[in-house]
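Colleague: Sequence first, then the predicted structure, then my questions.
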Amino acid sequence: MFTLRNRPGMRIVIFMAILLTTLYYIKSNFPHHINYQKDELLPSESLNTDKVLNNAHDGNEVVVNTKYSLATNPPVSEQSKVVRGSWYIPYKKYISMTPNPNTFTVESLFHDFPHNFSPLNPTTALEAAYVLAFLTDKVGDYVPKSVIPQIIHQTWKSRDAFYGKEASLKSGDPDHIHQSINSWRSRNPDVGYILWTDADALEFVQKLWPGVYPTYKKFPKMVMKADLFRYLVLSSFGGIYSDVDTLSLKPIKEWIQEKDVKPWVYPPATAKTNDALPPQRKFASTLPISFIVGVETDVPYSYNDTWKDYYYLPLQICQWTMASAPSARILGTTISKILNLVRLEEIRGNKALAGVDVTKLTGPGVWTETVYGFWREIGVEGMLLRGWGDNGRVFEDVLVFPITSFSPGLGQVLLTVFGNMGSKRIEDPDALVQHMWKSVWRATSG
């Protein structure tokens with residue numbers, strides 16, 4: 001009679017099959033963060049099968065060229081119809097940051113590069129992100145006073161704006177798209193830059209976040225995908241994310257000033273509550289900054305509860321610009337919140353996510369809620385921080401900028417029912433990023 005007891009070889013085969021099946025399930029359902037180990041190589045296959053992108057470098061940068069004229073809408077591959085992004089990799093800068101820049105070569109930068117494609121010839125935005133993450137980590141190219149890699153991420157449906165105003169307008173882009181991209185690149189000429197297209201973002205999520213991919217793909221609105229993408233890409237590679245209706249006003253390397261990281265007392269003198277204020281304590285973190293975010297709105301107390309008709313909370317946190325080291329905890333929490341909210345809608349029978357408030361599901365609502373949750377974990381009540389003032393504040397390794405940093409010009413370029421809420425003019429030296437209020441997400445939310 002056949003039994004497994006008298007067939008030890010068969011028992012081993014079955015055990016190995018179960019083990020391999022379990023490992024495959026784990027690998028397929030958990031996010032793959034960037035890992036510089038030789039056994040986790042990025043597949044060399046690209047969705048862009050005819051390799052529209054051909055990279056030429058002169059030892060200083062990768063210049064993305066195509067076989068098309070810019071006047072003929074270059075980004076679309078005739079074979080695959082996949083719209084690819086563009087990028088800039090400052091190789092010469094990274095060589096200059098090595099211990100022996102006079103003898104170092106571009107090739108020697110990559111002697112331990114772990115991925116199975118040429119780092120001198122990335123063919124997708126995902127490959128470019130792997131190269132930039134590897135190089136910034138290797139040479140320590142971080143935003144000063146932080147461990148945030150100097151990599152700028154933006155996303156748009158096409159890459160034409162990367163090539164300038166003429167190409168962008170000819171493709172039908174709104175005028176502010178090329179203005180935004182040009183401002184970030186020209187204000188930060190020695191910083192790595194990636195313009196991700198929708199196809200790039202889809203490939204990125206599919207390969208690095210397979211457990212999130214089904215949710216990402218089913219989102220009915222592009223704004224939902226754009227919101228989730230920023231959390232995912234910063235969690236995977238780190239860097240600076242900014243929407244394409246923002247302008248860079250000051251180089252990233254000048255963002256963090258001494259006044260923004262000095263000790264401060266909680267609760268601040270501006271705090272108001274009907275209950276007793278908590279005992280004062282000093283915040284004086286010695287940790288390097290690993291996350292940067294800014295205040296979006298700071299409704300004065302004099303307006304009572306009228307803010308509820310306009311905002312998620314009176315002190316709301318900006319979502320259009322943020323900076324992070326890879327794998328920041330606050331990003332992981334946000335991603336989990338979004339997935340849980342989607343599951344809740346599905347349980348309620350709303351599998352298509354019809355009529356869901358975007359701001360609360362993926363946007364500034366859920367983002368602000370996450371930041372407030374982080375504050376509560378360290379004994380800070382966010383509502384007591386209203387009337388923020390002009391300086392940044394550090395909470396452990398998280399730097400929160402005042403409203404002028406990422407939202408200057410309220411009352412100047414954008415009128416609100418709550419006045420300027422402490423926001424100073426765009427020309428103010430504390431202004432780092434200008435939001436142009438073009439509501440790109442509304443125009444592309446279908």
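Modeller: Thanks, I have it. Residues are numbered from 1 along each chain as shown.
Colleague: any idea what sits nearest residue 224, other than its immediate chain neighbours?
Modeller: residue 362 (4.8 Å; C-beta to C-beta, 6 or more residues apart in numbering). C-beta coordinates here come from the backbone N, C-alpha and C atoms, glycine included.
Colleague: State the phi and psi torsions of the one you found.
Modeller: Note on residue 362: backbone dihedrals following degrees, to the nearest 10 are phi -130, psi -10.
Colleague: Quick check: it touching residue 229?
Modeller: No - counting by C-beta atoms under 8 Å, residue 362 stays clear of residue 229, with 9.7 Å between them.
Colleague: quick one on the thing from earlier: report how many residues lie close to the residue nearest to residue 224.
Modeller: Number of residues near residue 362 (other C-beta atoms under 10 Å) recorded here: 29.
Colleague: list the contacts for it?
Modeller: Listed by C-beta atoms under 8 Å, 6 or more residues apart in numbering, the contact set of residue 362 reads 219, 223-224, 227-228, 338.
Colleague: and if you look at residue 143?
Modeller: Residue 143 sits next to 149-150, 240, 252-253, 255-256, 289, 292, 323 when contact means C-beta under 8 Å, 6+ apart.
Colleague: distance of the residue nearest to residue 224 from residue 220?
Modeller: Here residue 362 is placed at a distance of 12 Å from residue 220 (C-beta to C-beta, to the nearest Å).
Colleague: Could you do residue 380 as well?
Modeller: As judged by C-beta to C-beta, residue 380 and residue 220 stand 36 Å apart.
Colleague: the more surrounded of the two?
Modeller: More crowded of residue 380 and residue 220, by other C-beta under 10 Å: residue 380, with 18 against 15.
Colleague: so the more buried one touches residue 265, yeah?
Modeller: No - counting by C-beta under 8 Å, residue 380 sits too far from residue 265 to count as a contact (11.8 Å).
Colleague: For the protein, which segments count as helices?
Modeller: Along the chain, the segments classed as helices by DSSP state H run 8-29, 91-96, 125-139, 165-170, 175-187, 198-208, 213-218, 222-237, 258-261, 329-347, 358-361, 364-377, 403-406, 440-443.
Colleague: So for residue 247, which of the ones you listed sits nearest?
Modeller: Distance to residue 247, taken as C-beta to C-beta, is lowest for helix 175-187 among the helices of the chain, at 4.4 Å.
Colleague: what does that closest one contact?
Modeller: Against helix 175-187 from outside (C-beta under 8 Å, 6+ apart): 88, 152, 154, 156, 161-162, 164-165, 168-169, 193, 195, 242-251, 436, 438.
Colleague: Would you mark the buried spots in that helix?
Modeller: Residues 176-185, 187 are the ones in helix 175-187 that count as buried (16 or more other C-beta atoms under 10 Å).
Colleague: Let's have those residues in TSV, adding distance to residue 207 and pLDDT.
Modeller: Converted to TSV, the buried residues of helix 175-187 look like this (distance: C-beta to C-beta, whole Å; pLDDT from 0 to 100):
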residue	distance to residue 207	pLDDT
176	31	91
177	26	94
178	29	94
179	32	95
180	27	96
181	25	96
182	30	96
183	30	97
184	25	98
185	26	97
187	31	97
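Colleague: ok, of those, which one's closest to residue 375?
Modeller: For the buried residues of helix 175-187, the nearest to residue 375 is residue 184 (29.3 Å; C-beta to C-beta).
Colleague: hmm, back to that, which among the contacts of residue 143 count as buried?
Modeller: For the contacts of residue 143, a burial check counting by 16+ other C-beta under 10 Å picks out 149-150, 240, 252, 255-256, 289, 292, 323.
Colleague: of these, closest to residue 406?
Modeller: Using C-beta to C-beta, residue 292 comes nearest to residue 406 of the buried ones among the contacts of residue 143, at 9.3 Å.
Colleague: for stretch 208-219, which positions count as buried?
Modeller: Quick answer for stretch 208-219 (16+ other C-beta under 10 Å): 208-209, 212-213, 215-216, 219.
Colleague: and that stretch, how far out from the chain's middle?
Modeller: 16 Å (C-alpha atoms, centre = their mean, to the nearest Å).
Colleague: Kindly check the end-to-end length of it for me.
Modeller: End-to-end distance of stretch 208-219 (C-alpha to C-alpha, to the nearest Å): 18 Å.
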